[in-house]
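**Q** Build the 3D model from these lines:
(one chain, ligands or ions: 1)
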Amino acid sequence: MPVAFAASFAPLQRQRIRLRATASEVLFISKNLRVTNVGPKGLGVVATAPLARGELLLEEAPLLLFQNQSFEVIFGDLQDVLIDDRAFDLWESSLKETVESQCDEESAALFWDLADTCSEPGFKTALGIARTNALGLDADSAGLFLFLSRFNHSCQPNVHHSWQEDRGTQVLRASCSIAEGEELCISYLSLLALCAPTRERLGEISDRFGFDCACTACSAGERRTRDSDWKRERLSQLCAALSQDESRDHEKSGPSDGIRLLLRKRIPLFFEVEQESRQDVEAILQKGPRGDDTDTSETIVETIDMSSGLREAMDLLDEELLGNPAAQALCFFGGFRKAMAFGRLSAAKSLAKAAWNATSTAEGVGVNLGSAQGVSASKLLTTLHEVLARSLNLMRLALVAAPALVQCFYIHSVDFFSWLSKLILVYVLMGTVCFIVMPDQLYNGMGMGMFRWAFEIFYPEIARSNGSLHDPAEKAIACVAGRRIGQLAGMRARLRWHGSTKYLCLTPDGWTVTGDEKHACSVEFHSVYWQDRLVPDTYMLRLLAPTSDFHECWLSFKPVNHLRYGGWLAAYPNEQKASPYKVVRDSSCPADACKLLCAWTNMLPPSQRSCTGQLLCWFDEMSEQLQPAIPFCTC
Ligand SMILES: C[S@@+](CC[C@H](N)C(=O)[O-])C[C@H]1O[C@@H](n2cnc3c(N)ncnc32)[C@H](O)[C@@H]1O
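**A** The predicted model follows:
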């Protein structure tokens, strides 16, 4: 029944979070991309300005989602049904009807404009367009994206695409530096399939996508192709060895930090170059690399130490896959797991960091905090809290000013020094009472960084703040978006002043202002290290404001002067000039918000930098349905 079939093509609902208010499903698009004719491949996307490695290029939600039966029929095991004319017609009209009835006019027109290399030349079918352009999202679903569909394939891709399930979008980032005028290509194949020899890749692309790949890697000369095939095979052996289960390594070789490569019997390239070494090579192939006769199986085993294996893998990745960060992340992650299994903690730590950095470059790991919407009870609480918080601020101000004011009445009746000493005494007493009664507000909200030592003695949990990575025994763990405050690195958020609908926005000249949601910029959390140690709960904030010249600059705080709290926020192109921010959730925060404190300003010498400071703004916890991001690339 066509109706039942139609229901299987579920066009995605409109995304709640939009970076650009357009009618299409494109949430972000770099202004440095252009769709143009790229020769025999048809249309393609080229860079109109140099692009940096890791730069965000596109974020797009699918126009159509193929799942369950529709996926199986068009891309999966049930494709055979389409050989039957009647079944083909039913599916074709069902997909057509879905496009026409459920997509807006502009999107439908763009859909019909997409390439169709599966149907007869000069004739387009909806199924042909879907097959030519849809991209696998996971093992049993695929999506059709209007802009992403213009990216051609390359076996040496310079753009990495990742499906970010929590946001329901494909995110594209440059995987290497890209020059102006260069074509931007993604890989339609998995990273593993990219390591196959050229002939196998060409076969797979032809079988699965119906075209002959004309990328630079596949159309290189015979010699270059052989060299490349050899390197890719070596790369896949290294990757396989790195991702192999560590427990098996232990069984075979006892605890060591070596990795065992299982080499297929093959004639390596140098064999053809150095004819005279033929006998040596044959001997090795017969007896294994060390010349022992123990391994008589089909494979040859080579054991190399992990660090040289990793270095070799990185070199090969640079040569063959332009230093693909997603592949790097997989290798580093494999290395990390091995290092953990071998008990090499410091190596594991740096490998985990390398894996995380590579993943951030490839995928910009993160989720968008968005704003908590539509819950009227929580809105009411928020408003109440806001009223209370403001009244409390007024009371604090009155309390701080009262002794000085009262004392002023007596200034004429006593000598100045006894008047001053009384005033100081009153303030010391007040400070002590506050230190006992409301220490967290005093420490976090009033810039008491210089008294950190006192807080560390009496209130270590406040000085450290909650949610820290460094105290696994901690009971009350503060979370934002389901993540501990110490683990926000890679996350993206939009900052909203608590209790208002005003967001952090950027002016064209790089200053921050408050504005409505439509103009809000996002920030990306980056961990802060001081003398190679992670500073707990503290992050550098990278601004994502694609339409501004200050896109991907760093948020920095500039105080008015040393005497007054307060200052300006601005975007700095240079990370060194930016200030870190500490995320805090203490008893003064309402249930759905955290505080963001400027952790230190660069005006202070490092020895005096503290983790407390000016209260800048609050940011809302994300709404429940968004999940934390996947920490490592899954390719
Ligand atoms: C998703 S579309 C890419 C955009 C398409 N070139 C266009 O004009 O809209 C996929 C089609 O582009 C062409 N294509 C993509 N990558 C190619 C490559 N490496 N070599 C040859 N053709 C390619 C093939 O015709 C393929 O079916």
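**Q** And the strand or helix carrying Ser93, what's buried?
**A** Taking DSSP states H and E as the criterion, Ser93 maps to helix 85-102. Neighbour counts using 16 or more other CB atoms under 10 Å place Leu90, Trp91, Glu92, Ser94, Leu95, Lys96, Glu97, Thr98, Val99, Gln102 of helix 85-102 among the buried residues. All C-beta spots, glycine's among them, are computed from the backbone N, C-alpha and C.
**Q** Please work out which residues outside whichever helix or strand comes after it touch it.
**A** With elements assigned by DSSP H and E, the helix or strand that comes after helix 85-102 is helix 105-113. Applying CB atoms under 8 Å, 6 or more residues apart in numbering, the set of residues contacting helix 105-113 from outside is Ala23, Ser24, Glu25, Leu63, Val99, Glu100, Cys103, Lys124, Ala126, Ile129, Leu144, Leu146.
**Q** Regarding the closest residue to Phe66 other than its chain neighbours, what is its secondary structure?
**A** Sequence neighbours aside, Ala142 is the residue nearest to Phe66 in space, at 4.5 Å (criterion: CB to CB, 6 or more residues apart in numbering). Assigned state for Ala142: strand (three-state reduction, DSSP: H, G, I helix; E, B strand; the rest coil).
**Q** Run through the bridge partners of Ala142.
**A** In this structure, Ala142 bridges to Phe66, Gly136 when assessed by DSSP bridges.
**Q** shouldn't it be in contact with Phe71?
**A** Yes: taking CB atoms under 8 Å as the definition, Ala142 is a contact partner of Phe71 at 5.9 Å.
**Q** Just give me the neighbour total for Ile74.
**A** Residues within reach of Ile74, counting by other CB atoms under 10 Å, total 21.
**Q** what mean pLDDT does stretch 103-114 have?
**A** Predicted confidence along stretch 103-114 averages 89 (mean pLDDT).
**Q** Just the C-alphas of that stretch, formatted as PDB.
**A** C-alpha atoms of stretch 103-114 as PDB (Å, rounded to 0.1, in the frame of the first residue of the first chain):
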ATOM      1  CA  CYS A 103       8.600  19.200   2.100                       C
ATOM      2  CA  ASP A 104       8.200  22.900   1.400                       C
ATOM      3  CA  GLU A 105       8.200  24.100  -2.200                       C
ATOM      4  CA  GLU A 106      11.800  25.400  -2.100                       C
ATOM      5  CA  SER A 107      13.200  22.200  -0.600                       C
ATOM      6  CA  ALA A 108      11.200  20.000  -3.000                       C
ATOM      7  CA  ALA A 109      12.600  22.100  -5.900                       C
ATOM      8  CA  LEU A 110      16.200  21.700  -4.500                       C
ATOM      9  CA  PHE A 111      15.600  17.900  -4.100                       C
ATOM     10  CA  TRP A 112      14.600  17.600  -7.800                       C
ATOM     11  CA  ASP A 113      17.700  19.600  -8.800                       C
ATOM     12  CA  LEU A 114      20.100  17.100  -7.200                       C
END
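**Q** got the buried residues for that stretch?
**A** Residues of stretch 103-114 classed as buried by neighbour count (16+ other CB under 10 Å): Cys103, Ser107, Ala108, Leu110, Phe111, Leu114.
**Q** Could you dump the residues you listed into TSV and include distance to Pro546?
**A** Below are these laid out as TSV (distance: CB to CB, whole Å):
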residue	distance to Pro546
Cys103	25
Ser107	21
Ala108	27
Leu110	21
Phe111	25
Leu114	24
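**Q** filter those residues by proximity to the ligand?
**A** Among the buried residues of stretch 103-114, the residues within reach of the ligand (CB under 6 Å from any ligand atom) are Leu114.
**Q** Which two of the buried residues of stretch 103-114 have the greatest separation?
**A** For the buried residues of stretch 103-114, with distances taken as CB to CB, the pair at the greatest spread is Cys103 and Leu114 (12.5 Å).
**Q** Contact residues of the protein facing the ligand?
**A** Proximity of the chain to the ligand is confined to 41-44, 114-115, 117, 132-133, 149-150, 152-154, 209, 211, 213-215 under the rule CB under 6 Å from any ligand atom.
**Q** repeat that with 5 Å
**A** Contact residues of the chain with respect to the ligand, defined by CB under 5 Å from any ligand atom, are listed as 41-43, 115, 117, 132-133, 149, 152-153, 211, 213-215.
**Q** before we move on, back to that, in the buried residues of helix 85-102, find the pair that's most separated.
**A** Taking CB to CB as the measure, the buried residues of helix 85-102 span a maximum distance of 17.8 Å, between Leu90 and Gln102.
**Q** quick one: the residue nearest to Phe66 from the ligand, how far?
**A** 12 Å (CB to the nearest ligand atom, to the nearest Å).
**Q** Look at the residue in the chain that the ligand sits nearest to and say how many residues are nearby.
**A** Among all residues of the chain, Gly42 sits closest to the ligand, at 2.8 Å; criterion: CB to the nearest ligand atom. Other residues lying near Gly42 total 12 when counted by other CB under 10 Å.
**Q** now the residue nearest to it when sequence neighbours are not counted: how far from Val73?
**A** Spatially, and ignoring its direct neighbours in sequence, Gly42 is nearest to Ala115 (5.5 Å; CB to CB, 6+ apart). Distance check for Ala115 against Val73: by CB to CB, to the nearest Å, it reads 21 Å.
**Q** Good, wrapping up.
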